[in-house]
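>>> Fold the following for me, if possible:
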Amino acid sequence: MSLFAELRMRPTESAARGSRGRGWEASRAARLALSGGTLFVLLVGANLATPLYPLLAARLGLGTFGISVAFASYVVSLVAVLLLAGHWSDHIGRRAALTIAVLLGITGLAVFATADSLLLLCLGRALHGAAVALATGASAASLRELLPGRPEWASRATLLSSSGGVALGPVLGGLLAVGSQPTALPFLVCAAALALLLAPLVLVRARPAIRPAQGVSRSRLLAPRGLSLGLGGARGEFWRAAATGFLSFAVFGYCLSLAPGYFAVTLHLSSLPAVGAVAGLALAASAAVQLTGRSRPASSSSLPAAPLGLVLLGAGPLAAALAAQAGAGVVLVAGIVAAGVGQGIAFRALFERLAAAVEPEQHAQAVSALYVVTYLGSAVPVVGLGALAGAVGIPLASDVFTAACAAAAGVLAAVCWRSRP
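Numbers count the residues shown, from 1 in each chain. Below is the predicted model of the structure:
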């Protein structure tokens with residue numbers, strides 16, 4: 001099928017006859033690289049701004065609340081598009097959804113690079129959030145289809161693409177912030193990288209749409225879906241995993257928004273790549289734990305790992321915030337790494353528990369709902385942090401925020417401990 005036939009949700013004549021048609025007959029390795037690479041580059045672009053927020057704030061005259069709003073606009077858009085269009089790739093095809101995501105990502109990066117107001121910063125971030133939302137489901141589904149007998153490999157490839165892109169983005173943002181336009185060049189370079197993906201996406205010979213429209217209107221198939229939580233006996237597992245995801249993304253949002261500038265000032269860091277590396281440490285540690293940890297049967301033995309991970313997740317950011325005030329760089333780095341390790345341990349244990357508890361036909365619904373709640377952790381708490389920082393200053397706001405996260409982690413750890421079978 002051609003790209004335009006997929007977008008129309010109508011098979012071409014050659015596809016209907018079963019003929020091979022024209023296009024690039026890519027190998028499975030090339031298709032894996034294209035599916036995972038698209039999500040990877042989009043998530044790199046989503047996090048390029050992490051070490052650059054102080055420069056953007058100075059250039060545009062923004063306060064801490066403005067930076068928080070700009071950061072959160074990406075998450076709000078991502079969650080909204082997950083709810084409204086997260087299922088589109090099931091009907092228009094994975095390749096078509098990834099192509100739309102790349103076009104949205106290029107547009108969002110270009111808008112963000114040239115923004116001269118908070119409104120345009122938010123618009124650029126929102127467009128990129130929509131791109132990541134479309135690519136997340138399409139990429140994960142494509143990887144699973146390309147590795148039908150290796151679901152664990154597909155899951156790890158998805159994790160490598162997502163967590164790797166998020167962790168690398170801040171470092172590349174700092175490295176590319178050079179020349180006369182340091183707040184524009186990183187985004188333009190990433191936009192160019194996305195543009196290079198368009199040709200193979202358009203040319204690759206894709207499979208027909210998974211669910212071609214037959215007797216059902218396209219508008220009905222593409223209509224927004226509600227997230228019903230009829231999970232029966234898995235409801236407890238869902239809310240424990242969702243609460244942990246929400247808290248962990250609140251911590252990650254802190255590490256990726258206001259914390260980098262605060263840490264740079266208190267530790268006298270002038271190197272933007274160093275600032276970006278510190279900001280991405282938590283996500284890199286989390287990805288490393290989840291990628292290298294062994295898969296375990298979802299049994300009662302998997303649950304005690306969650307309280308330990310939650311203790312690290314709560315204690316790490318609080319230690320980092322206190323170390324920032326004391327100028328103790330080693331303790332600060334150790335606290336950030338501990339937060340990432342704890343998140344990786346806890347979230348993986350609870351995710352495996354949830355996956356084992358839900359019925360197979362409810363798995364996609366449960367995972368979608370889980371990530372909607374999880375991503376909201378990067379929006380609502382971070383906006384509150386920005387408002388608090390504007391009122392009392394970043395040091396005190398940082399202490400209050402991390403103390404609240406530590407308290408919430410302690411409560412969740414107790415809940416998970418008491419919930420052991």
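>>> give me every residue that touches the most centrally placed residue in the chain.
By C-alpha atoms, centre = their mean, the chain has its centre lying nearest to Ser162, at 6.2 Å. Shown in contact with Ser162 (C-beta atoms under 8 Å, 6 or more residues apart in numbering): Leu39, Phe40, Leu43, Thr136. Quick note: C-beta positions are derived from backbone N, CA and C, even for glycine.
>>> elements contacting whatever helix or strand Gly129 lives in?
Here Gly129, judged by DSSP states H and E, is contained in helix 118-146. If you count contacts as 3 or more C-beta pairs under 8 Å, 6 or more residues apart in numbering; DSSP states H and E, helix 118-146 packs onto helix 28-46, helix 53-60, helix 64-85, helix 89-92, helix 94-113, helix 151-175.
>>> looking at those helices, which is closest to Ala250?
helix 64-85 (10.7 Å; C-beta to C-beta).
>>> Pull out the buried residues from the closest one.
Using 16 or more other C-beta atoms under 10 Å as the test for burial, helix 64-85 gives 64-83, 85.
>>> Over to stretch 380-391?
For stretch 380-391, using 16+ other C-beta under 10 Å, the buried residues are Pro381, Val382, Val383, Gly384, Leu385, Gly386, Ala387, Leu388, Ala389, Gly390.
>>> Could you give the separation of it from the chain centroid?
Remark: stretch 380-391 is offset 21 Å from the chain centroid, using C-alpha atoms, centre = their mean, to the nearest Å.
>>> buried ones in stretch 146-165?
Buried residues in stretch 146-165, counted by 16+ other C-beta under 10 Å: 146-147, 154-165.
>>> For Ala406, find the nearest of the helices and strands packed on helix 118-146.
Checking the helices and strands packed on helix 118-146 against Ala406 by C-beta to C-beta gives helix 64-85 as the closest, at 20.5 Å.
>>> Let's see that closest one as CSV, backbone CA atoms only.
The C-alpha trace of helix 64-85 is given here as CSV (Å, rounded to 0.1, in the frame of the first residue of the first chain):
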residue,chain,number,x,y,z
THR,A,64,10.0,30.0,36.9
PHE,A,65,6.2,29.6,36.3
GLY,A,66,6.6,30.4,32.6
ILE,A,67,9.3,27.7,32.2
SER,A,68,7.1,25.2,34.1
VAL,A,69,4.1,26.0,31.8
ALA,A,70,6.3,25.6,28.7
PHE,A,71,7.5,22.3,30.0
ALA,A,72,4.1,21.0,31.0
SER,A,73,2.5,22.0,27.6
TYR,A,74,4.4,19.1,26.0
VAL,A,75,2.9,16.6,28.6
VAL,A,76,-0.6,17.9,28.4
SER,A,77,-0.6,17.6,24.6
LEU,A,78,1.0,14.2,24.7
VAL,A,79,-1.7,12.9,27.1
ALA,A,80,-4.5,14.5,25.1
VAL,A,81,-3.4,12.9,21.8
LEU,A,82,-2.9,9.6,23.5
LEU,A,83,-6.6,9.7,24.5
LEU,A,84,-7.8,11.2,21.2
ALA,A,85,-5.7,9.5,18.6
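>>> what's the average pLDDT for that helix?
Mean pLDDT, helix 64-85: 89.
>>> How far off centre is that helix?
12 Å.
>>> now swap in stretch 270-282 and tell me
18 Å.
>>> same thing with stretch 369-382?
10 Å.
>>> same thing with stretch 165-177?
15 Å.
>>> Of the contacts of Ser162, which is the most crowded?
Counting neighbours by other C-beta atoms under 10 Å, Leu39 leads the contacts of Ser162 with 29 neighbours.
>>> OK, contacts around that one?
Leu39 neighbours (C-beta under 8 Å, 6+ apart): Val132, Ala135, Thr136, Ser139, Thr158, Ser161, Ser162, Gly165.
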